[in-house]
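J.: give me coordinates for this.
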Amino acid sequence: MDLPAPLWGPLLRAVRRAAERLDREALPVGLRPYAAFNPKRLAGERPRRAVAVALEADQRLCEAAGESLDPELWAAAADTDPLRLSSLYTAADAVAGLAARRRFGDVATLAAATVQQPAQGVVAGEQPPPAPSFTPDRAGRAAVSAARQDRDAARRRADAAEHRLRSANADLQRLHDEVVALRGDRDRLDSELEQQRRQFRDRTARLRRRAEAAERQAAASAQRLQEMTAAPTPASRDTPPQGPGAGGQLAPGRPDAGGQHTLREAVAGAKLTPLERGTGEPGARSGGGAVPRTVRAATLGRPCVLPLGLRGDEPDAVHTLLKVAGLTVVLDGYNVTLSPRGVGTAALADQRAWLTRLAAGMVARYGVRVVVVFDGVRERAMAAAATRGVQVVFTASDQTADERIVEIVSSLGAAQPVVVVSSDREVREDCEALGANVIPSDAFLRAVA
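T.: Take a look at the predicted model:
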């Protein structure tokens, strides 16, 4: 920083006051020997060079020197043009402010402009003009101060606007998150509503099927009762008729609701001991072997009526149902194989093969028609099952085995006897409402497997 001697005065005084405030150890090393010099002695060439080097190297010294200047000059030196600053203050004061602000390039520009003004007059052969007066312009200072105030106000307005913008963006993001969350809740509720609607439709369809089956059952029962009361048998001419008012028994020789067994046979069956009714000879067991001969067929109907004293989950009850002529047996495939007496640990193909063989054996022993219903797509290996008298049905992709079983039972005639083997509660309820006899899977396997 090479300056003419007249421009050093204010800067050297500011540096001297800064050196007095700063600790000696805090001064740059090159400036320490001159710390005790007065401003006049600092005007020498070597001290000036030391001051210039110290200002360029130590920002803290520049700030301390700037605090020693006039506050308005210190503020104006931050961003005012050097020539404009020299018009508001003296050139030396402008140099001091610019140097304290570390605007050394502008200091050099101002120094060069100051040196060139008298040199131009000498080159032209004229007398050098008097040194320009750098008396501060009060109007200019006021204008700079007003411009600075406007700038600060504009900055404050810009900061406030930026703060409002950030706040608005935060509110917008929060509202966006809330909208996304509400849309997710809406989609979830729509899905739950649609699921409840499907369940309601399915439940309504099941109840409608039950009601229709009950109506058909009631109509069939009324028709059978009308036929029984309107067509007396020849035996009734010699024997006084006995109806429900005479003990609830039919007259000897009159067929019951199924048209197969007379009262004499029912009484004979009622006089059998539990041992004779359940197993035949003492020690004999009913199960997967030969059909017990002493077990009589259930009364034909929809549903079939078991002999007195038998429950639907007893092996003998299963045998007496399977001995009904023209019976159709519908097996809930995987429900049977996965029961405790089934083969649930085997592969699905092995489970299907096992149950199909069991059904074929049942066809051979009882002469019934068997329909096995499985979930899923038919496999080629199952096609041979039909040759053994067993119909294997696989459900479609949009239908379950439970729905297919109910559909099969509904498709049978009102007088067609049918037995459904399943432990599923809804299957049992729907099929019983259609007039079918229902046997739990485990009870069925205990009797025939």
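J.: where does the stretch 1-150 of the chain dip in pLDDT?
T.: The stretch 1-150 of the chain contains residues with pLDDT under 70 at 1-2, 5, 23-27, 29-45, 48, 115-140.
J.: 50 - rerun?
T.: 119-126, 131-135 (pLDDT under 50).
J.: helices along that one, start to end?
T.: 9-21, 39-42, 45-57, 59-67, 71-76, 82-88, 91-100, 104-123, 138-230 (DSSP state H, counting those that start in this stretch).
J.: quick one, which of these gets closest to Ile408.
T.: Nearest of the helices of the stretch 1-150 of the chain to Ile408, taken as C-beta to C-beta: helix 138-230 at 12.4 Å. For the C-beta atoms, the positions are set from N, CA and C on the backbone; glycine is no exception.
J.: chain center to the closest one: distance?
T.: Chain-centre distance of helix 138-230: 14 Å, with C-alpha atoms, centre = their mean, to the nearest Å.
J.: identify the residues contacting stretch 53-73?
T.: With C-beta atoms under 8 Å, 6 or more residues apart in numbering as the test, stretch 53-73 has contacts from 1, 10-11, 13-15, 17-18, 21-22, 26-28, 30-31, 74, 77, 89, 93-94, 96-97, 99-102, 104, 141, 145.
J.: that stretch: how far from the chain's middle?
T.: Relative to the chain's own centre, stretch 53-73 is displaced by 65 Å; criterion: C-alpha atoms, centre = their mean.
J.: which positions within that stretch qualify as buried?
T.: Neighbour-count burial for stretch 53-73 flags 54-55, 58, 61-62, 64-66, 68-70, 72-73 (criterion: 16 or more other C-beta atoms under 10 Å).
J.: filter the contacts of stretch 53-73 down to the buried ones.
T.: Judged by 16+ other C-beta under 10 Å, buried ones among those: 1, 10-11, 13-15, 17-18, 22, 27-28, 30-31, 74, 77, 89, 93-94, 96-97, 99-102.
J.: can I get the buried residues of stretch 53-73 in JSON lines with distance to Val295?
T.: What follows is the buried residues of stretch 53-73, written out as JSON lines (distance: C-beta to C-beta, whole Å):
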{"residue": "Ala54", "distance to Val295": "123"}
{"residue": "Leu55", "distance to Val295": "122"}
{"residue": "Asp58", "distance to Val295": "118"}
{"residue": "Leu61", "distance to Val295": "120"}
{"residue": "Cys62", "distance to Val295": "118"}
{"residue": "Ala64", "distance to Val295": "120"}
{"residue": "Ala65", "distance to Val295": "123"}
{"residue": "Gly66", "distance to Val295": "119"}
{"residue": "Ser68", "distance to Val295": "125"}
{"residue": "Leu69", "distance to Val295": "124"}
{"residue": "Asp70", "distance to Val295": "126"}
{"residue": "Glu72", "distance to Val295": "123"}
{"residue": "Leu73", "distance to Val295": "124"}
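J.: picking that back up, distance to Val336 added to the helices of the stretch 1-150 of the chain, as a markdown table?
T.: Converted to a markdown table, the helices of the stretch 1-150 of the chain look like this (distance: least, C-beta to C-beta, whole Å):
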| stretch | distance to Val336 |
| --- | --- |
| helix 9-21 | 103 |
| helix 39-42 | 113 |
| helix 45-57 | 98 |
| helix 59-67 | 93 |
| helix 71-76 | 97 |
| helix 82-88 | 103 |
| helix 91-100 | 100 |
| helix 104-123 | 98 |
| helix 138-230 | 22 |
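J.: would you mind finding the most buried of those?
T.: Counting by mean count of other C-beta atoms under 10 Å, helix 91-100 has the highest mean neighbour count of those, with a mean of 27.
J.: contacts for that helix, please.
T.: Against helix 91-100 from outside (C-beta under 8 Å, 6+ apart): 1, 3, 6-11, 14, 55, 62-63, 65-66, 69-70, 73-74, 76-77, 82, 85-86, 88-89, 104, 106-107, 110-111, 114, 132, 134.
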